[in-house]
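Q: Got a sequence here, can you model it:
(3 chains)
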Amino acid sequence: MRAFILRNVLQRLLLLFVVSILAHAVIHLAPGEPNAVDPSNPRMKPEDIAKIRAAFHLDEPLYAQYVWWMRDLLSGELKSFKDSQPVLGKIWRRFLNSLPLFVCATLLVWTLAFPTGIQAAVHRGAVYDRATTLAAYALISVPGFFLSYLVILWVVNTFGVPVIGLKTFGMERAAPLFQTMDRIWHLVIPSLMSALGGMAILSRYVRSQMLEVIGQDYVRTARAKGAAEDTVIYRHALRNALLPFVTMFGFLLPGLIGGSVIFEQIFAWPGLGRLGYEAILARDFPVILTLNFMAAALTLAGTFLSDVLYAVVDPRIRTGLQGDA
Amino acid sequence: MRQPPMPRGHAGAPGARRGDDLPPPETLWRESWRLFKRDRLAVLGACVLALLLVAALSGKALTEWVVVFDPAVVRLPEKFLPPLSFSSNAAVPPHDRPFGGVYLLGTDELGRDVFARMLQGSFVSLSIGFIAVGIALALGVVLGGLSGFYGNVKLGVVTVDTLIMRFTDVMLCFPTFFLILTVVALLPPSIYNIMVVIGLTGWMGTARFVRAEFLALRKQDFVLAATAIGAPDRRVIFSHMVPNAMAPVLVSATIGVATAILTESGLSFLGFGVQPPFATWGNILADGKGFIFDAPWLFFIPGFAIVMVVLAFNLVGEGLRESLNPKLRKR
Amino acid sequence: MNLKRWLLLTPLLLTVVLLQSYFWVPTYETQTTGNPQRLVTYVEASSGDAEILNPILNADTASSNIVGFVFEGLLDLDENLNLRGRVATDWTISETASLLIEPSGRFPDGAEITGARVVKRVRAALMEDAGIELAANIRTMDVAPPADTTHTIPVPAEEGSAASQQREVTLTFHAPERVVFSLRRVDQDFFRHLAPIIGDRYLAHFPYERYVEFHESAGPAVKARIFAQLPERFPVAEHNPVIDFRLRRGVRFHDGHALTARDVKFTYDAIMNPKNLSPRTADFEPIKRVDVIDDYTVRVVYKRLFSPAINAWTMGILPAHLLDAGAMETEMRARGVSDAVREAFGMRDSRFNRHPVGSGRFRFVEWQSDEFIHLRRNDDYWEGPAEYREYYMRIVPDLLTQEMEFRSGAVDYYGAQPHQVVRYKNDDAYQSFSNLGFGYTYIGYNNRRPLFADPDVRRALGMALNVEDFVTYILYGEGERITGPYPPNTQWYDPAVAPLPYDPDAARALLEAGGWRRNADGWLEKDGKIFEFTLITNSGNPIRKNIMTIAQNAWSKIGVKCHTQYFEWAVFLKDFINTAEFDAVVLGWSMGIDPDLYQLWHSSQTGPRQLNFVGYRNPRADDLMVRLRREYNSDAQRTLARRLHRLIADEQPYTFLYAPLSTRVLDKKIVLVHKRGDGSESYEKIYPIPSGDITFHFHQWRKLELTPDF
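A: As a prediction, the model looks like this:
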């Protein structure tokens, strides 16, 4: 087991290295300069621009820029082009903002997807199943921003309450309970919106997984033994169907960064996705690169976690029988 | 763009392999079609797609070759007309009038015919989906096939399989939408860039299951037999393995087109979508959101059109998955 | 079944907990009623976050908005766009003019020139009638002894020069004696008035080679290039405008420290410190030195005549005690930065930029990136505290959700787009304003292209466009047609210039006169080439997109084939504008309040990365622009500026389209509060000042609990 873990970790570190080189090359080879080197600023003279470029190491060869970036990143002194703030600090603050949204959305996805999926599997082919199938596909098919706008318009016009941002302003003197509830309310709609797609997909997945398991011999045996239908479904079938989902937890991590740009943009949520988006707009290379790097690291950590979980659950994997890494 | 990754090895999980007594291919397709027909939602989706295809092709024809609907004509006096309004003869010169004198879906902020724009957009949106998926599939099938068939060939110290699969892993490490956004934002905006970028970031899943499929097929009797009688690799691959590995590719292609259309609309929303003069449903929708109170049809028509089409693709994909899945069929 | 129960109960519970929070959230009404805190809080939404809250470093709108609240400059603009004192109470502008005395020079009558003789002859001339105007202006005349100064001068690069080339040279200038005139007011023609005394030709020929000594050997080519610079660097006749600012006593920074002349000088030094990479260096570059006379008097001496330079002092003053070398050292030590960082550590890295301390009406409280910036009023402000206690700038990137927040009462201000204004004008809950700003939109033609070289062609293209259509249909009437290069609400704009008429037939006739004939396909053709070009603009601006569409349409009607393309801003600048590789472009300018157009229109500014990218060249316009920036008298400036306006309007290097009105909507509950001496209050509807700004009286704004009925 230790060898398995060690080899996995080494492999992933190597991958991470390749990813970082690739990301660095892609971003620096693309045309365009960081906005701080603003060629449209009429007051800026070529000397000033050259000075800024030198300060950002932009006039050095690509590999040197890569080394600068890595050195600064690892020493924690990497600065944003845009505002000279330490990149890691920026990312940490945004991470704290993204976290509640992410947790809330994940909770919604995982708690709601299971009952709907199981019910659909149990009543395969019935009206409920077909209705949820259609609903799930409809949710997958709606552009997220389209649905969000519809919901925002409906809520604001019908209930007349603010929904954008983290909280309502001008309430600083209100009781703490009000303020907490206000913050929760501002969390509800964005997390629901970003959960819908995942919920639909996961519930479909639960359904097919359940269907697969229900057809297995031991379920048939349990049923034949005369166990109650609920016992059969929830004790025998579900337990076994759950296994693959354990490993899915690993894949949740990267969703923290990449998945939420559009929702954070609409709901003015100052999270990681928006940090990335604003950085792209400003061509703030250190931030873009570091975010990409972290997303890759999270993905790798996620796959690692799921591999380890898989190995724990299924010992065949460890002994080299796995199809791929 | 919102699909969470499936657990690894799912598509090619050992338990999901078909049995040893595989029926001949012809029967498989025919049987699948019979099963597909039973799924009413999927059939409905297929009908929508057929309609869409007709709309896209005729849209291309009618807006560019034989200009019946001209999406570019600006008629400022007739801007913001709601759907089904008539063009007034006084305000617009005869050659600028819409076909039949009626704006089926209204006009936009420049008095352009929304119906004509949607028609034109249907072709562009579809081609983005098809070309992006085409690129992704081509890459995925080739890389996955190479890896699955020639996986054991050594290139120096590493095998082809290791090389390709590690590269797949590298690509999987990037957060897809964020990567697409970065590349599209940094590159000069062009419809081809968007197609290519969506394609280049979408092949990894295909590559993985094609590889798994190939690995499994190689152990099948009919492949072993073909190899044993000395059939050349080319023949083994193209006449025995590819047709049998096609089913999941088809499913993922269908769903891939849906995803590509959604991705394009997401990019449009963020302002990095396809640039004019190309109208796509995505950018008509993104432009329309500014007029949601003043001309709601500019927002709702493209929005619901996208939902319909993406839904149709997804339903057809699901129908295909179910009908092509031998495990579900046996019951 | 336990598991089943849990599986059903958890989501149910979660949903209920989440949704019940709705009942605690205030609606539009309940936000103001019974919540006095909300009435003295102003919430504004901005699409982008601020970048850096430092008046000498910021370059974006959101930052400058906040910096404007927190910091205060020596001056600002009053209701009629004239300068008025803020941190400075008043100021005087005078001039020191000096003349280098070249001993081998001769007076017109052949006598040898010396400093003392110049003074004597000028004094003699002043006695006669001819010198009355001069006499009133000259305060003193002195002779300064010769002086040696050493300079390091960058060698201007030559095209295709090798990297190893010498970058700079050091030289000593052995300046001969000088006559220094102290003038009461700035006079750009001062030396011309002296011409009868010292001779016309004296000023033009100064033998620099006799007075310059190079420290290291330099090649003849390098020397030639250096000598070419010297007349500008060490002018024979030098104008040094001098501004004396008297500072207001009792102005304090938000931390209680008094603002003195030392802070003003520090601010200037910080801008010029190359480590800080300030984007304002160009504004302050004309300054020769800043002298602290006493705690409340600052003297600014300029290198040359450059009248717009005074506007730079509207920039906020930094607190020296928080940013000087000692303070930076303390900060570096507290943060424990490494040696590598320490070396490059400048003001840009300081945490001050995220926790600014100024002397303005509002003090900084908190900044959450991409969420909000919170300011609180400065009770210690010298003009008295503002009505609003709290100020929030929220960052809401999406315009539609900004509007939704505005309608739900969570934001007080909405920068409505033109097509939305009508809706708000008819709504009793809101007050809307449409006023001119300092920007305008134009179609610029690349004057270097043979196709557009002829002003008649440019005029014809302009006449084919119905600009009224642009204003009516694209801006929904929220714009004003313009005819020239100045914003129409400034005094530099000449209202007498008539706009180009909309006349496609005349346009076609004009082109036909230039040899363009319609071909079989209906396109104009000359010498076998059809009239065809590409009109480009940046992506992401729907209004420019629409302008292109309409222009393309209108031009096709007179047989001009126009292609349109959009590029992302960075690409657009880099590949097209900076390199001047375009045919025609739709763009806008956001102008300053000064009449200086040198960077935009002077023929010397047509190089790569310069702003006269359309390549407009006209010697008469060049001369006007140079005189304009040297003129300190505003009446004379107006005359010159209007002449320039007419000249440019006549040549049509751009088709000037319109100046958009900025359209804003406020909650109607926000009013102007007038306080009377007895403590009672009266309310007035918010109104824009003549220059169009509504926030001029922002310090008197407050929100009322109920909508007033005016």
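
Q: doesn't A:I27 make contact with A:L289?
A: Yes. Between A:L289 and A:I27 there is a contact at 6.1 Å, judged by CB atoms under 8 Å. Backbone N, C-alpha and C define where each C-beta goes, glycine included.

Q: and the two? which has more neighbours close in?
A: Legend: neighbour count by other CB atoms under 10 Å in any protein chain shown for A:L289 and A:I27, higher for A:L289 (25 against 18).

Q: Enumerate the residues of chain B near chain C.
A: Where chain B comes near chain C, counting by CB under 8 Å from any CB of the partner chain, the residues are B:72-74, B:76, B:79, B:109-110, B:185, B:188-189, B:271, B:275-277, B:287, B:289-294.

Q: Could I get the pLDDT score of the residue lying closest to C:R342 once chain neighbours are set aside?
A: Distances taken as CB to CB, 6 or more residues apart in numbering or on different chains put C:M332 closest to C:R342, at 5.8 Å, once the chain neighbours are dropped. C:M332 is assigned 88 on the pLDDT scale.

Q: Return the nearest residue of the stretch 451-600 of chain C with respect to chain A.
A: Going by CB to the nearest CB, chain A is nearest to C:A570 of the stretch 451-600 of chain C, at 3.6 Å.

Q: is chain B contacted by the helix or strand encompassing that residue?
A: Per DSSP states H and E, C:A570 falls inside helix C:569-571. Yes. Using CB under 8 Å from any CB, helix C:569-571 comes into contact with chain B via C:V571.

Q: which other helices and strands contact that helix?
A: Using 3 or more CB pairs under 8 Å, 6 or more residues apart in numbering or on different chains; DSSP states H and E, no helix or strand is in contact with helix C:569-571.

Q: Mind checking the pLDDT average for it?
A: Helix C:569-571 comes out at a mean pLDDT of 75.

Q: same thing with stretch B:102-110?
A: For stretch B:102-110, mean pLDDT rounds to 86.

Q: so who does the closest residue to C:V118 other than its chain neighbours touch?
A: Using CB to CB, 6+ apart and skipping residues adjacent in sequence, the residue nearest C:V118 is C:V179, 4.9 Å away. Contact analysis of C:V179 by CB atoms under 8 Å, 6 or more residues apart in numbering or on different chains lists C:98-99, C:101, C:115, C:118-119, C:141-144.

Q: got the CA coordinates for stretch A:213-232 in CSV?
A: Extracted in CSV, the C-alpha atoms of stretch A:213-232 (Å, rounded to 0.1, in the frame of the first residue of the first chain):
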residue,chain,number,x,y,z
VAL,A,213,-27.6,-3.1,-8.7
ILE,A,214,-31.2,-4.0,-8.5
GLY,A,215,-30.7,-6.5,-11.3
GLN,A,216,-27.9,-8.3,-9.4
ASP,A,217,-28.3,-11.8,-8.0
TYR,A,218,-28.0,-10.8,-4.3
VAL,A,219,-30.8,-8.4,-4.6
ARG,A,220,-32.9,-11.0,-6.2
THR,A,221,-32.0,-13.3,-3.4
ALA,A,222,-32.9,-10.8,-0.8
ARG,A,223,-36.2,-10.3,-2.4
ALA,A,224,-36.8,-14.0,-2.7
LYS,A,225,-36.1,-14.3,1.0
GLY,A,226,-39.2,-12.2,1.5
ALA,A,227,-37.5,-9.1,2.8
ALA,A,228,-39.6,-5.9,2.7
GLU,A,229,-39.2,-3.9,-0.5
ASP,A,230,-37.8,-1.0,1.4
THR,A,231,-35.2,-3.2,3.1
VAL,A,232,-34.3,-4.7,-0.2
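
Q: Skipping its backbone neighbours, what lies nearest C:V614 in space?
A: Closest to C:V614 by CB to CB, 6+ apart is C:G444, at 4.4 Å.

Q: Need the three-state assignment for the one you found.
A: strand (DSSP: H, G, I helix; E, B strand; the rest coil).

Q: can you pull the pLDDT of C:L9?
A: 89.

Q: On the pLDDT front, check B:A91 for me.
A: Note on B:A91: pLDDT of 67.

Q: Sorry, wrong one. I was asking about C:A50.
A: According to the prediction, C:A50 has pLDDT 90.

Q: ok, it - how many residues close by?
A: The tally of other residues near C:A50 (other CB under 10 Å) stands at 24.

Q: ditto for B:V92
A: Residue crowding around B:V92 was assessed by other CB under 10 Å; the count is 18.

Q: Ok, the one 10 residues further on next?
A: Here the count is done by other CB under 10 Å, and B:V102 has 15 residues near it.

Q: Need the three-state assignment for C:L13.
A: helix.

Q: how close does it sit to A:L202?
A: Distance of C:L13 to A:L202, given as CB to CB, to the nearest Å: 19 Å.

Q: Compare these two (neighbour count), which wins?
A: Each of C:L13 and A:L202 has its neighbours counted (other CB under 10 Å); A:L202 has more, 22 against 11.

Q: For the residue nearest to the more buried one when sequence neighbours are not counted, list the residues it contacts.
A: Spatial nearest neighbour of A:L202, excluding adjacent residues (CB to CB, 6+ apart): A:A113 at 3.7 Å. Neighbour list for A:A113: A:198-199, A:202-203, A:205-206 [criterion: CB under 8 Å, 6+ apart].

Q: From chain B, how far off is A:A113?
A: A:A113 sits 11 Å away from chain B, going by CB to the nearest CB, to the nearest Å.

Q: Report the buried residues of stretch C:341-350.
A: For stretch C:341-350, burial by neighbour count (16 or more other CB atoms under 10 Å in any protein chain shown) applies to C:341, C:345-350.

Q: Most widely separated two among the residues you listed?
A: Greatest spatial distance in those: C:V341 and C:M347, 14.1 Å, computed using CB to CB.

Q: For the residue in chain B positioned nearest to chain C, the count of nearby residues, please.
A: With CB to the nearest CB, the shortest gap between chain B and chain C falls at B:L76, namely 4.2 Å. Look at B:L76: counted by other CB under 10 Å, it has 20 neighbours.

Q: Repeat that for C:M127.
A: C:M127, neighbours per other CB under 10 Å, totals 9.

Q: about what we covered before: run the chain-centre distance for the helix or strand the residue nearest to C:V118 falls within.
A: With secondary structure defined by DSSP H and E, C:V179 is part of strand C:178-183. How far strand C:178-183 lies from its chain's middle: 33 Å, per CA atoms, centre = their mean, to the nearest Å.
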